[in-house]
Structures are given as C-alpha cells and as structure tokens.
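>>> Below is the structure, and that's it, no one-letter string:
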C-alpha cells in the first residue's frame, strides 16, 4: 500500500467524523496547557511512528519495482524455442 493512499484514507476518515476531530483537538489543547510533557511525548511518538511508516512504504515500493525488473529480465533471458 502506498503512503499517499494511507494519508488519503486518514484524511477521509477525519473529514467524515468531525465531532471526533473536534474532541481530539480540544483534548490536545488541554494537554498542551495542563501537561505539556505528556503532550510533547504523544506528539513525538506520533511523529516517530509516521516517519517509520513512511520509510517502510518507501522501501517496499522501491522493492516492488526492482522485483518487476528482475521478472522481465528473467523472461527476456529465457531460451527461445
């Protein structure tokens, strides 16, 4: 699955569930003022997981194109009848 498809599905989910987005935003604002340490911990964990997901999707997409190239190369190198 491509990273942009994942982001698009998350955006569609958030657009369709606006009360949940408002509640999450309100909760994060309260955490920012009351417990900034917890807020930044949640923020950095989310950022780290997002980077890991991006790296995994980037590596897997490049591996797929190399696999297709190897398949076409092996078919081209087959002896002709």
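That came through fine. Remember, it's a predicted structure, so these values are computed and weren't measured experimentally. Numbers count the residues shown, from 1 in each chain.
>>> make it CA atoms for all contacts and neighbour counts henceforth
OK.
>>> ok, longest helix in the protein?
helix 36-76 (DSSP state H).
>>> name the helices or strands packed onto that helix?
Secondary-structure packing of helix 36-76 (3 or more CA pairs under 8 Å, 6 or more residues apart in numbering; DSSP states H and E): helix 3-16, helix 18-34.
>>> The longest one to helix 3-16, inter-axis angle?
If I follow you right, that is helix 18-34. Interaxial angle, helix 18-34 versus helix 3-16 (axes from the mean of the first three to the mean of the last three CA atoms, to 10 degrees): 100 degrees.
>>> I'd like the average pLDDT over stretch 41-59.
Mean per-residue pLDDT for stretch 41-59: 86.
>>> quick revisit: which stretch in the helices and strands packed on helix 36-76 has the least confidence?
Lowest mean pLDDT within the helices and strands packed on helix 36-76: helix 3-16, a mean of 82.
>>> How far off centre is that one?
Distance, stretch centre to chain centre, for helix 3-16: 10 Å (CA atoms, centre = their mean, to the nearest Å).
>>> same check, this time on stretch 7-20
So, by CA atoms, centre = their mean, the centroid of stretch 7-20 is 14 Å from its chain's centroid.
>>> what does stretch 32-45 give?
21 Å.
>>> now do stretch 25-36
Using CA atoms, centre = their mean, the offset of stretch 25-36 from its chain centre is 25 Å.
>>> in that stretch, what counts as buried?
28, 31 (16 or more other CA atoms under 10 Å).
>>> Now do it: everything it contacts.
38-40 (CA atoms under 8 Å, 6 or more residues apart in numbering).
>>> Residue 14: which of the residues you listed is nearest?
residue 39 (20.3 Å; CA to CA).
>>> between the helices and strands packed on helix 36-76, which one is nearest to residue 60?
Across these, residue 60 has its closest neighbour in helix 3-16 (10.3 Å, CA to CA).
>>> who does that closest one touch, helix- and strand-wise?
Using 3+ CA pairs under 8 Å, 6+ apart: helix 3-16 touches helix 36-76.
>>> give me that answer again for 10 Å
helix 18-34, helix 36-76 (3 or more CA pairs under 10 Å, 6 or more residues apart in numbering; DSSP states H and E).
>>> List just the one of the ones you listed that sits closest to residue 8.
The closest of the helices and strands packed on helix 3-16 to residue 8 is helix 36-76. By CA to CA, the value is 13.6 Å.
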